[in-house]
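Engineer: The sequence isn't on hand, but the structure is:
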Ligand SMILES: CC1=[NH+][C@H]2[C@@H](O1)O[C@H](CO)[C@@H](O)[C@@H]2O
């Protein structure tokens, strides 16, 4: 029959036991049972309703009293020692499908798995014929790393709220739980700052190639944060500094050492800009920006960039970080930064994001030894802005080209020399947008490589296997077609 194997899930679940024969049938009278008194569990139930109503045409009424036969049951009764904080156990019997979790995010992850156990047409946004059957058995699943992250560069090219929401939907189905938004760079400032309005009115008025750019008002950014949160994704805002700051410097002459504002920049060079390290106004500026950005994001981390400060002397870079890192703490956030800032001895709580193209880096190893967590985005593996091969139209190639297999075939736990798995917070698929201007182009570069990085962040080490992954990716294609995802048909994948 056309039922999906319980093994055919991305990211690969921790353990799967599949029974032959009997199936769980979703029918018109299937309800969703949630524990009374848990609004968060009910939010997951509504998410499941929204997912399955369009394609099945069923109501999926939510009930809180006794679960009926044929119901999907969400329960917050999972055992923490077995499932950790974010795991779930899915019990699929002939007349009931139960997702047990220790916390609401585990229920959400169970629902993402359930989606993949239904035929691809379940992803349709218009009514389709059933039957809607799921094989019986048990899945016990939990993440290996706490951070499975994606980055979207909205500075080189600006993406509207709707385009960001579309990407959030696409990320959530693979249990990604962080979206890092690269909000400022040489080519654009994309987030409204009340105390420095020209950052967006002037600094947000263009983009790579000279287009009209754009920016998020605080209300729009709050909508992105809310939308992401409802899909178990925390936004990590990045204000890149002291380099990558031409848009800010162009907006306020007084921020420049020589008092002259540079022109807006629409090229794709890097490393030519720097805030003025010796001016007091620079730190008033940074304090205001961090205060306003911190107030907009509920997440623990605030990314301060720190990459490619080639127009800042090493001494000035250290001076800058020594003044700015305390401001992050002052505004109640924990710092995250590209790995160059590790040499400035950030607080132990700070996280270091590695973007090098080797598997050894002294600054990162020393940071880990000091107690900093490391977020892995090695550019030759997890930068999904890189070409797939020489002929790929889109994308950059300085760290690539990067095939799907190269994006997948590495182990984040043992990747960095002299950095133990216990120091690895997780992984990030970074999508820089020098060459990317719309959702189709995001999808072409992110699919299938973002799901590959999602699996590396979630699945147990002994589940990482290219021959299994390539087949499971192939089986995702009909789902991506139903979702209108313009994925790259890599020749490494046995597409149906
Ligand atoms: C951390 C980092 N700094 C550079 C580098 O990554 O490469 C990106 C393109 O791949 C580029 O956009 C970015 O400005």
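Structural biologist: Perfect, I can see it now. Because the structure is a prediction, the values reported are computed rather than measured.
Engineer: Give me the nearest residue to the residue in the stretch 351-496 of the chain that the ligand sits nearest to, chain neighbours excluded.
Structural biologist: Closest contact between the stretch 351-496 of the chain and the ligand, by C-beta to the nearest ligand atom, is at residue 432 (3.7 Å). Quick note: C-beta positions are derived from backbone N, CA and C, even for glycine. In space, residue 432 comes closest to residue 385 once its chain neighbours are excluded; the distance is 4.0 Å by C-beta to C-beta, 6 or more residues apart in numbering.
Engineer: Wait, that neighbour touches residue 395, no?
Structural biologist: Yes: under the criterion of C-beta atoms under 8 Å, residue 385 makes contact with residue 395 at 5.6 Å.
Engineer: Could you look up the SS state of the most centrally placed residue in the chain?
Structural biologist: Closest to where the C-alpha atoms of the chain average out (C-alpha atoms, centre = their mean) is residue 150, at 2.8 Å. On the three-state scheme (DSSP: H, G, I helix; E, B strand; the rest coil), residue 150 is labelled strand.
Engineer: dump the residue contacts of it.
Structural biologist: 167, 171, 176, 178-180, 428-431, 446, 450, 453 (C-beta atoms under 8 Å, 6 or more residues apart in numbering).
Engineer: How confident was the prediction at residue 66?
Structural biologist: pLDDT, residue 66: 82.
Engineer: What is the neighbour count of the residue nearest to residue 432?
Structural biologist: 27 (other C-beta atoms under 10 Å).
Engineer: how close does it get to residue 354?
Structural biologist: 17 Å (C-beta to C-beta, to the nearest Å).
Engineer: now residue 187
Structural biologist: Counting by C-beta to C-beta, the gap from residue 187 to residue 354 is 24 Å.
Engineer: can you check residue 333 too?
Structural biologist: For residue 333, the distance to residue 354 - C-beta to C-beta - is 20 Å.
Engineer: So for the two, which sits in the more crowded spot?
Structural biologist: Ranked by neighbour count (other C-beta under 10 Å), residue 333 and residue 354 place residue 354 first, with 26 against 20.
Engineer: how much space is there between the more buried one and residue 461?
Structural biologist: 19 Å.
Engineer: next one: residue 32
Structural biologist: Taking C-beta to C-beta, one finds residue 32 at 34 Å from residue 461.
Engineer: Please identify which of these two sits among more neighbours.
Structural biologist: residue 32 (24 against 12).
Engineer: wait, the more buried one sits on residue 58?
Structural biologist: No: Residue 32 lies out of contact with residue 58 (C-beta under 8 Å); the separation is 10.4 Å.
Engineer: For residue 343, grab the count of nearby residues.
Structural biologist: Counted with other C-beta under 10 Å, residue 343 comes out at 16.
Engineer: What is the distance between the helix or strand harbouring residue 475 and the centre of its chain?
Structural biologist: Counting by DSSP states H and E, the element that carries residue 475 is helix 466-483. Here the centre of helix 466-483 is set off from its chain's centre by 19 Å, with C-alpha atoms, centre = their mean, to the nearest Å.
Engineer: try stretch 333-350
Structural biologist: 20 Å.
Engineer: buried residues in it?
Structural biologist: Within stretch 333-350, the residues scored as buried using 16 or more other C-beta atoms under 10 Å are 333-346, 350.
Engineer: If you average the pLDDT over that stretch, what comes out?
Structural biologist: 98.
Engineer: got a list of contacts for it?
Structural biologist: Here stretch 333-350 makes contact (C-beta under 8 Å, 6+ apart) with 236, 238, 290, 294, 297, 300-309, 317-318, 321-322, 325, 328-329, 351-356, 361, 363-364, 366-367, 370-372, 375.
Engineer: Filter these down to the buried ones.
Structural biologist: Buried by 16+ other C-beta under 10 Å: 236, 238, 290, 294, 297, 301-309, 317-318, 321, 325, 328, 351-356, 361, 363-364, 366-367, 372, 375, out of those.
Engineer: End to end on stretch 301-320, go ahead and measure it.
Structural biologist: End-to-end distance of stretch 301-320: 19 Å, with C-alpha to C-alpha, to the nearest Å as the criterion.
Engineer: for stretch 408-425, same thing?
Structural biologist: 18 Å.
Engineer: Residues contacting it from elsewhere in the structure, which ones?
Structural biologist: 144-147, 351, 354, 359-361, 364-365, 368-369, 372-376, 378, 381, 426-427, 449, 452, 455-457, 461, 464, 466, 469.
Engineer: Filter these down to the ones in strands?
Structural biologist: Secondary structure from DSSP state E places 147, 351, 354, 373-376, 426-427 of the contacts of stretch 408-425 in strands.
Engineer: Redo these as a markdown table? Include distance to residue 408.
Structural biologist: What follows is the ones in strands among the contacts of stretch 408-425, written out as a markdown table (distance: C-beta to C-beta, whole Å):
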| residue | distance to residue 408 |
| --- | --- |
| 147 | 18 |
| 351 | 24 |
| 354 | 18 |
| 373 | 23 |
| 374 | 20 |
| 375 | 18 |
| 376 | 14 |
| 426 | 16 |
| 427 | 11 |
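Engineer: any idea how far the closest residue to residue 30 other than its chain neighbours is from residue 449?
Structural biologist: Counting by C-beta to C-beta, 6+ apart, residue 70 is the residue found nearest to residue 30 once chain neighbours are left out, at 5.1 Å. Counting by C-beta to C-beta, the gap from residue 70 to residue 449 is 39 Å.
Engineer: That concludes my questions; thank you for your assistance.
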